[in-house]
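In: Can you look at this prediction? I've put the sequence above it.
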Amino acid sequence: MERLRSMVQHNLPAKIVALIVAVVLWLYVMNDQNPAMEGTYTVPVTIENAPEGYQMSADADSVTIRVRGPRSFFVAAERGDFHARMSLADFTEGTRAYAVEASIPYGFDLVGISPDKINVNLDRIVEQPVLAVVATDGFPAEGFTVAKFEQEYKTVMIEGPRSLVDQVAQATGHINLNGLSSDDTAEVKLVPLNADGREVAGVTLNPSTTHVFLKFARSLSRKVVEVEAHPRSDLPPALKLEGITVEPSRIEIAGTGDVIGTITSIGTEEFSLADVHTTEKRTVKLVLPPGVTVTDPNVTVEIKVGAMK
C-alpha cells in the first residue's frame with residue numbers, strides 16, 4: 001500500500017500537468033475532427049387533445065426545428081428522430097395561437113422552432129332547422145294553370161361549422177313549369193343559400209331534396225293583382241318602420257271568373273317584426289282565397305327600419 005501511494009505521489013505535479021495537457025489535446029482533436037454545428041429539420045406537427053365536434057383548420061402543418069450538436073450526431077440522426085407537437089387541451093372556439101413543442105434526440109441542443117406558435121381555428125359543428133322554399137320558373141301549357149302546389153318538407157335540417165351554418169338564410173329549389181299540364185310529383189334538389197342568394201358550400205342539408213305535388217287545372221281565368229304585406233305591429237321600441245316593399249309587387253292569379261272578378265289584391269300571411277334589428281329581406285307566403293291559385297305562393301318582403309330619434 002505504501003509502495004502504491006509512493007508511486008502515485010512520485011512526481012505528482014508533473015503527472016497533473018501531463019493529465020491536463022492530455023485532456024486539452026483530446027478536446028482540441030475532438031473539436032477539430034467532430035466540431036459542433038447547427039442544422040435544421042422540417043417535421044410535421046402532431047396535434048394532441050383535439051376536441052371532438054369541431055372543424056379544425058391551422059395556418060401551418062409543419063415546423064422547422066433548428067438544433068446544435070457534434071457533427072457525428074448529425075451523421076447518425078434522421079428526420080424521423082425529431083418531433084413537434086401542439087396540445088389543444090385548453091382550447092377555445094375561434095382562432096387562437098397554440099405553442100409548438102419539440103422533441104429532439106439526446107446530445108442535441110434546441111436552438112429554436114419556426115414558427116413556435118401556430119394559429120388554429122376551431123369551428124363547432126352545429127345543426128339547426130332552416131326554411132325550405134321551392135320556387136317555380138316558366139308557365140304551364142296554354143289553357144292550364146297550377147291548381148295545387150304541395151311541398152313535402154317546409155323545413156330541413158342544416159349541419160356544418162357554425163360560421164357557415166349562420167350564413168344560410170334558406171334552402172331553395174326550383175321547378176320548371178314550361179309546357180306542363182299533367183299532374184305530377186317532382187323531386188326537387190335543395191341548395192343552401194345566403195341572404196344574397198349565393199350558395200353556401202361546406203354545409204349539409206338533411207334531407208337534401210323535397211317532393212312537390214303539382215296539380216293543374218284547365219279553363220281558369222287569369223288576372224294580375226297587387227300584393228299587400230301584412231306585418232304585425234310588434235317592432236322593437238328603439239326602431240321605427242320606414243317602409244315595407246314586396247317583390248313581386250303584382251302577381252297573376254287564376255280561378256273561375258266569379259271568384260277572381262272582385263279580387264283586387266292578395267295579402268301575405270301576418271309576419272312578426274319582433275326579431276327585426278336592421279333592414280332585412282324574408283320570404284313569406286300569400287293568403288289565397290278559396291278557388292284562387294298562383295304559380296308561386298311565396299313572395300319576398302324587404303323590411304326597412306331606422307333608429308328612433
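Out: Yep, that arrived.
In: just so I have it, where are all the strands in the stretch 101-250 of the chain?
Out: 101-103, 109-114, 117-137, 144-151, 155-161, 170-176, 184-189, 191-193, 204-206, 209-218, 221-228, 239-247, 250-255 (DSSP state E, counting those that start in this stretch).
In: Phe73 is in contact with Ile104, correct?
Out: No: at 10.2 Å, Ile104 does not count as touching Phe73 under the criterion of Cβ atoms under 8 Å. Placement of C-beta: from N, CA and C, glycine included.
In: Can you list the buried residues in stretch 266-277?
Out: Residues of stretch 266-277 classed as buried by neighbour count (16 or more other Cβ atoms under 10 Å): 266, 268, 271, 273, 276.
In: Pull that stretch out as CSV, backbone CA atoms only.
Out: Listed next in CSV are the C-alpha coordinates belonging to stretch 266-277 (Å, rounded to 0.1, in the frame of the first residue of the first chain):
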residue,chain,number,x,y,z
ILE,A,266,-103.8,39.4,-52.4
GLY,A,267,-102.3,39.7,-48.9
THR,A,268,-99.4,37.9,-47.3
GLU,A,269,-99.6,36.0,-44.1
GLU,A,270,-99.1,38.1,-41.0
PHE,A,271,-95.4,38.2,-40.1
SER,A,272,-93.7,39.4,-36.9
LEU,A,273,-91.3,42.3,-36.7
ALA,A,274,-90.2,41.5,-33.1
ASP,A,275,-86.9,40.0,-34.2
VAL,A,276,-86.0,42.7,-36.7
HIS,A,277,-82.8,44.6,-35.9
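In: how far out from the middle of the chain is it?
Out: Chain-centre distance of stretch 266-277: 29 Å, with Cα atoms, centre = their mean, to the nearest Å.
In: what does stretch 248-265 give?
Out: Stretch 248-265 sits 44 Å away from the centroid of its parent chain (Cα atoms, centre = their mean).
In: again with stretch 161-177
Out: That offset, for stretch 161-177, works out to 13 Å (Cα atoms, centre = their mean).
In: buried set for it?
Out: 161-162, 164-165, 167-173, 175, 177.
In: For those residues, which two are the farthest from each other?
Out: Arg162 and Leu177 (37.3 Å; Cβ to Cβ).
In: quick one, what contacts Gln151?
Out: Contact analysis of Gln151 by Cβ atoms under 8 Å, 6 or more residues apart in numbering lists 132, 134, 210-212.
In: Report the beta-bridge partners for it.
Out: On the basis of DSSP bridges, Gln151 takes part in beta bridges with Val212.
In: coming back round to it: Throw the contacts of Gln151 into JSON lines and include neighbour count, thanks.
Out: Formatted as JSON lines, these follow (neighbours: other Cβ atoms under 10 Å):
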{"residue": "Ala132", "neighbour count": "22"}
{"residue": "Val134", "neighbour count": "23"}
{"residue": "Thr210", "neighbour count": "22"}
{"residue": "His211", "neighbour count": "14"}
{"residue": "Val212", "neighbour count": "19"}
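In: So which of the residues you listed is the closest to Gly39?
Out: Distance to Gly39 across these (Cβ to Cβ) is lowest for Ala132, with 59.6 Å.
In: Could you check how far Thr92 is from Gly53?
Out: 14 Å (Cβ to Cβ, to the nearest Å).
In: Ala217 is in contact with Asp183, correct?
Out: No: Asp183 lies out of contact with Ala217 (Cβ under 8 Å); the separation is 9.9 Å.
In: Fine by me, we can end here.
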